[in-house]
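**Student:** make a model of this:
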Amino acid sequence: MAEPSAMAGVAQGTIFYHFKTKEKLFTSIPKHFKISIIDEFERYMDKRRFEAGPDMVEGAVLFHLSIRQGPCRTVSFFSIAGRKSGHDHDG
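**Tutor:** Below you'll find the model as predicted:
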């Protein structure tokens, strides 16, 4: 856990508190991104009005293209550790 803690700028004990193994740490990252993207998609769609089904599909495609072409997403240790899906201490 030395390398992940150095990358995150936190003590190794902080990482072990939230994630008991490297596997649990690294499997929480995709879960965090999935939740983040779904939340972002819901906000994107809620801000728009669609007159018909094809308009809604077009809006969903435009959202997909915007995240594919947008800036590289970064994630901090604290944003993952603080989420319920990533919070994994036993006890």
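
**Student:** so the residue nearest the centre of the chain versus Asp39, what's the distance?
**Tutor:** Geometric centre of the chain, nearest residue: Phe33, 2.3 Å, by CA atoms, centre = their mean. According to CB to CB, to the nearest Å, Phe33 and Asp39 sit 11 Å apart. C-beta coordinates here come from the backbone N, C-alpha and C atoms, glycine included.

**Student:** ditto for Pro4
**Tutor:** For Pro4, the distance to Asp39 - CB to CB - is 24 Å.

**Student:** who has more neighbours out of those two?
**Tutor:** Pro4 (15 against 10; other CB atoms under 10 Å).

**Student:** quick check: buried residues in the host helix or strand of Leu62?
**Tutor:** Assigned by DSSP states H and E, Leu62 belongs to helix 53-69. Neighbour-count burial for helix 53-69, counted by 16 or more other CB atoms under 10 Å, picks out 59, 63.

**Student:** next one: stretch 25-35
**Tutor:** Buried, per 16+ other CB under 10 Å, within stretch 25-35: 25, 28, 32.

**Student:** specify the angle between the longest helix along the chain and helix 53-69 in degrees.
**Tutor:** Taking DSSP state H as the criterion, the chain has its longest helix at helix 22-46. If you take axes from the mean of the first three to the mean of the last three CA atoms, to 10 degrees, helix 22-46 sits at 140 degrees to helix 53-69.

**Student:** helices and strands around helix 22-46, which ones?
**Tutor:** helix 53-69, helix 77-81 (3 or more CB pairs under 8 Å, 6 or more residues apart in numbering; DSSP states H and E).

**Student:** and these, which one averages the lowest pLDDT?
**Tutor:** Mean pLDDT is lowest for helix 77-81 among the helices and strands packed on helix 22-46, at a mean of 58.

**Student:** kindly export the helix or strand where Pro4 lies (C-alpha atoms) in CSV.
**Tutor:** Taking DSSP H and E as the criterion, Pro4 maps to helix 2-8. In CSV, the C-alpha atoms belonging to helix 2-8 read as follows (Å, rounded to 0.1, in the frame of the first residue of the first chain):
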residue,chain,number,x,y,z
ALA,A,2,3.1,2.3,0.0
GLU,A,3,2.7,3.3,-3.6
PRO,A,4,-1.1,4.1,-3.5
SER,A,5,-0.7,6.0,-0.3
ALA,A,6,2.2,8.1,-1.7
MET,A,7,0.1,8.8,-4.9
ALA,A,8,-2.8,9.9,-2.7
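
**Student:** alright, I will stop here.
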